[in-house]
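[1] here is my input; please provide its structure:
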Amino acid sequence: MIHTVKPGESLALIASNYRIPFGRILAANPKITNPNILFVGQKVEIPGLPEPSSIPYHIQVSLGQRKLTLFHNGQIYKIYPIAIGKILTQTPLGEYVIVNREPQPGGPFGVMWLSLSRRGYGIHGTNNPSSIGKAVSHGCIRMYNKDVLEVARLAPNGTRVVIQS
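    Presented below is the predicted three-dimensional model:
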């Protein structure tokens, strides 16, 4: 997959966000001769993830509606209720991809954790189903356990996730 460098990003931050060792991302990008100098708009190869356009699913999150919409081949497949970040720990807007997953992560994360390409953020289940529909998380997207399992079954790593207000 190809990542387009955004303002303020370094190669180390990009590697961290995609959970890829720095050496591996550097090896995948031999044209980067100085890893301390990146340019906004520069393309960086992310090894091990498919190009999102090759995946028939994508996810759109509406923070205002507190809904996660799963699309299949551009058509709405299903809409799920979610919880989002509270005022002090808001869910970040932007375009991300699912980079990895962890079944049974424990604690408040329910039965599944889907990491996004922004370190510390993900889509996950919950041990508190009454929180769904509210702004209560530390910035993650929280779903009913049965719903996050369905999304995890359908949307592979590399799936595009767009979070909007």
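
[2] wait, what's in contact with Pro56?
    By C-beta atoms under 8 Å, 6 or more residues apart in numbering, Pro56 lies in contact with 72-73. (Glycine included, C-beta is placed from N, CA and C.)

[3] over to the one 3 residues further on?
    Ile59 makes contacts with 68-71, 123, 151, 155, 159-162, as judged by C-beta under 8 Å, 6+ apart.

[4] how about a cut-off of 6 Å?
    With contacts defined as C-beta atoms under 6 Å, 6 or more residues apart in numbering, Ile59 is in contact with 70, 161.

[5] where's it relative to Leu88, distance?
    Distance of Ile59 to Leu88, given as C-beta to C-beta, to the nearest Å: 25 Å.

[6] now swap in Ala12 and tell me
    In terms of C-beta to C-beta, Ala12 sits 27 Å off from Leu88.

[7] repeat for Leu116
    From Leu116 to Leu88 the distance is 20 Å (C-beta to C-beta).

[8] one more: Cys140?
    Applying C-beta to C-beta to Cys140 and Leu88 gives a distance of 14 Å.

[9] now swap in His72 and tell me
    His72 sits 35 Å away from Leu88, going by C-beta to C-beta.

[10] neighbour count: the two, which is higher?
    A direct count of neighbours by other C-beta atoms under 10 Å for His72 and Leu88 places His72 higher, at 14 against 7.

[11] OK, contacts around the more buried one?
    Shown in contact with His72 (C-beta under 6 Å, 6+ apart): 56-57.
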